[in-house]
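Chemist: Sharing a sequence plus its predicted fold:
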Amino acid sequence: MTRAQARPPRAPVGVRPCASLLLGLVLSLITLSPASAQYIAFGKNKVHYSDFEWHVLESEHFDLYYYLEEEDLAQLALEMAEDSYRDLQGKFVHEVRRRIPLIIYNSFQEFEQNNITPYFLPEGVAGLTEFARGRVLVPFNGSLNDFRTTIHHELVHVYQLSLLGEVHQEHFRTPFVTPPLWFSEGLAVHWSEDRDPEADMVLRDMVHHGNLPDLDQFWRYGGSFVTYKLGQSMLDFIGDEFGEDRINLIYRRLWMHKEFDEVLTDVLGIPSRELSERWSFALRQRYNPEVAQSTPASFSSRPLTGKGGANMKGIPLPDSLFDGKRFAFISPRDGFTSIYTASREGREEDVRTLVKGERTPELESLHLFRSRFDVSSEGTLLFVSTHEARDGAAVSDVVTGREVGRY
């Protein structure tokens, strides 16, 4: 391992081990970003394809670990991290009293080989903060904007852990109230990105169908994507209505109460039930004007697939081969992500498996969320799959299902 220095590092300040460990154990669920809690995948092993030669680049607050293929990215990542540090230092009115290990990876495939966490990392995990030693892991997916956002998101978690540790040491008591997942992850999203069309889609759908949960029901969504968006929306509302400084105060008053609802009431000056009602009303005001101008999909169309729920990215198959009666889609409906064809009549018995994914080394992953596939007019299917930590293009015949080539 070699070490380069960007700016002279500050000496780290120690924390009390027992308090740090206790908080780490309690807060272990807040560390994955942006759409998943921790996963253990039964029957799947972490395979290490590469041996990385790690180098270290130092700045005022960070030790950044990278390998030579990332040399240009490393300096940029360090600048992004320092920018985020300064921004969050102002928001939290707090300084992290230790150096922060930041580990970057050149791709998701290399990120999932890490030996820092024992967990198998599924598609959709964009980064993580390991609580025991405070290490931050971020893969590069090709988008500098996503990279910057993920670094900022994970550093929110670093600040959360550090501030909670400080409050806990100053006001030691048991049990110690910790923020729920919706608050921890919602804040990480709230302070790292603006509301986007994805968030609008989730919230609008809930409002239109009467499924918007009360605040005390957020927990039912666990560590899912929905929890992140609900939390972001609630934190957006709190910031707009009560001020961003109230968010920081919530952390500093945790020790004074036995329930998180009591902390919200103390800091915001209204009961959590009223907070929930005001937030819900604000969302109905935002989205309901669109109701009169739109027709629910269930009124104007019918589902073409039934089983599984997560049937995605449907595309029509060539009329010349299937008389316009079939389409293809990708889905994890049987526990493995595969590509299927189905009849436009919507009969489940007409569903056929075209590509069986995640069962062989050649098709380790079809990237359910991150890639697309298409079919030519001649019936050639083009899709992307992972093989030995590398993505490649694969070609199959949609009529026979036979693989034609791999590139």
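Modeler: Arrived safely, thanks for sending.

Chemist: Low-confidence ranges, the stretch 1-150 of the chain, go.
Modeler: Low-confidence segments of the stretch 1-150 of the chain, defined by pLDDT under 70: 1-44.

Chemist: Going along the chain, name the strands of it.
Modeler: Along the stretch 1-150 of the chain, the stretches classed as strands by DSSP state E, counting those that start in this stretch are 2-5, 32-34, 54-58, 62-67, 100-105, 125-130, 135-139.

Chemist: quick one, which of the ones you listed is nearest to Lys307?
Modeler: Lys307 lies closest to strand 125-130 among the strands of the stretch 1-150 of the chain, at 25.7 Å (CB to CB). Where you see a C-beta, it was placed from the backbone N, CA and C, and this is true even at glycine.

Chemist: Show me which residues of that closest one are buried.
Modeler: Within strand 125-130, the residues scored as buried using 16 or more other CB atoms under 10 Å are Val125, Ala126, Gly127, Leu128, Thr129, Glu130.

Chemist: what do you get for stretch 343-350?
Modeler: Of the residues in stretch 343-350, those buried (16+ other CB under 10 Å) are Ser343, Arg344.

Chemist: Break this structure down into its structural domains.
Modeler: According to automatic domain parsing, the chain comprises the domains 2-289, 308-406.

Chemist: Determine which two of the buried residues of strand 125-130 are furthest apart.
Modeler: Ala126 and Glu130 (14.8 Å).

Chemist: residues touching Asn114, list them.
Modeler: Residues counted as contacts of Asn114 (CB atoms under 8 Å, 6 or more residues apart in numbering) are Ile103, Tyr105, Leu121, Leu137.

Chemist: switch to 7 Å and redo it
Modeler: Leu137 (CB atoms under 7 Å, 6 or more residues apart in numbering).

Chemist: send the alpha carbons of stretch 83-100 over as PDB?
Modeler: Output in PDB follows, covering the C-alpha atoms of stretch 83-100 (Å, rounded to 0.1, in the frame of the first residue of the first chain):
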ATOM      1  CA  ASP A  83     -17.000  19.900  -0.100                       C
ATOM      2  CA  SER A  84     -19.600  17.700   1.500                       C
ATOM      3  CA  TYR A  85     -17.800  17.700   4.900                       C
ATOM      4  CA  ARG A  86     -17.900  21.500   5.000                       C
ATOM      5  CA  ASP A  87     -21.600  21.600   4.000                       C
ATOM      6  CA  LEU A  88     -22.600  19.100   6.600                       C
ATOM      7  CA  GLN A  89     -20.400  20.700   9.300                       C
ATOM      8  CA  GLY A  90     -22.600  23.800   9.000                       C
ATOM      9  CA  LYS A  91     -25.900  21.900   8.900                       C
ATOM     10  CA  PHE A  92     -25.100  19.700  11.900                       C
ATOM     11  CA  VAL A  93     -23.100  22.400  13.700                       C
ATOM     12  CA  HIS A  94     -20.700  19.600  14.600                       C
ATOM     13  CA  GLU A  95     -17.300  18.400  13.700                       C
ATOM     14  CA  VAL A  96     -16.400  14.700  13.200                       C
ATOM     15  CA  ARG A  97     -13.600  14.200  15.700                       C
ATOM     16  CA  ARG A  98     -11.700  11.500  13.700                       C
ATOM     17  CA  ARG A  99     -10.400  10.900  10.300                       C
ATOM     18  CA  ILE A 100     -12.900   9.400   7.900                       C
END
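
Chemist: Show residues contacting it.
Modeler: Counting by CB under 7 Å, 6+ apart, 9, 12-13, 15, 61-63, 134, 136, 151-152, 155-156, 158-159, 162-163, 191, 244, 248 sit against stretch 83-100.

Chemist: List only buried entries from the residues you listed.
Modeler: Applying 16+ other CB under 10 Å to those flags 15, 61-63, 134, 136, 151-152, 155-156, 158-159, 162-163, 191, 248 as buried.

Chemist: out of those, what pair is the most spread apart?
Modeler: Pairwise over the buried ones among the contacts of stretch 83-100, using CB to CB, the maximum falls at Asp63 and Asn248, 26.5 Å.

Chemist: related to what we said a few turns ago, taking the buried ones among the contacts of stretch 83-100 one by one, which sit in helices?
Modeler: Within these, residues falling in helices by DSSP state H are Ile151, His152, Leu155, Val156, Val158, Tyr159, Ser162, Leu163, Asn248.

Chemist: quick one: which of those residues is nearest to Glu170?
Modeler: Nearest member of those to Glu170, counting by CB to CB, is Leu163, at 10.7 Å.

Chemist: Isn't the closest one up against Leu249?
Modeler: No. Counting by CB atoms under 7 Å, Leu163 sits too far from Leu249 to count as a contact (11.3 Å).

Chemist: can you tell me the average pLDDT over stretch 267-282?
Modeler: With pLDDT averaged residue by residue, stretch 267-282 scores 94.

Chemist: Convert it to PDB, retaining C-alpha atoms only.
Modeler: Written as PDB, here are the backbone C-alpha positions of stretch 267-282 (Å, rounded to 0.1, in the frame of the first residue of the first chain):
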ATOM      1  CA  VAL A 267     -38.500  20.400  19.000                       C
ATOM      2  CA  LEU A 268     -41.300  21.300  16.600                       C
ATOM      3  CA  GLY A 269     -43.900  22.400  19.100                       C
ATOM      4  CA  ILE A 270     -46.700  20.200  17.800                       C
ATOM      5  CA  PRO A 271     -47.700  16.600  18.500                       C
ATOM      6  CA  SER A 272     -46.400  14.100  16.000                       C
ATOM      7  CA  ARG A 273     -50.000  13.300  15.000                       C
ATOM      8  CA  GLU A 274     -50.500  16.900  13.900                       C
ATOM      9  CA  LEU A 275     -47.200  16.900  12.100                       C
ATOM     10  CA  SER A 276     -48.400  13.800  10.200                       C
ATOM     11  CA  GLU A 277     -51.700  15.400   9.300                       C
ATOM     12  CA  ARG A 278     -50.100  18.700   8.100                       C
ATOM     13  CA  TRP A 279     -47.600  16.800   6.000                       C
ATOM     14  CA  SER A 280     -50.400  14.600   4.500                       C
ATOM     15  CA  PHE A 281     -52.500  17.700   3.700                       C
ATOM     16  CA  ALA A 282     -49.600  19.400   2.000                       C
END
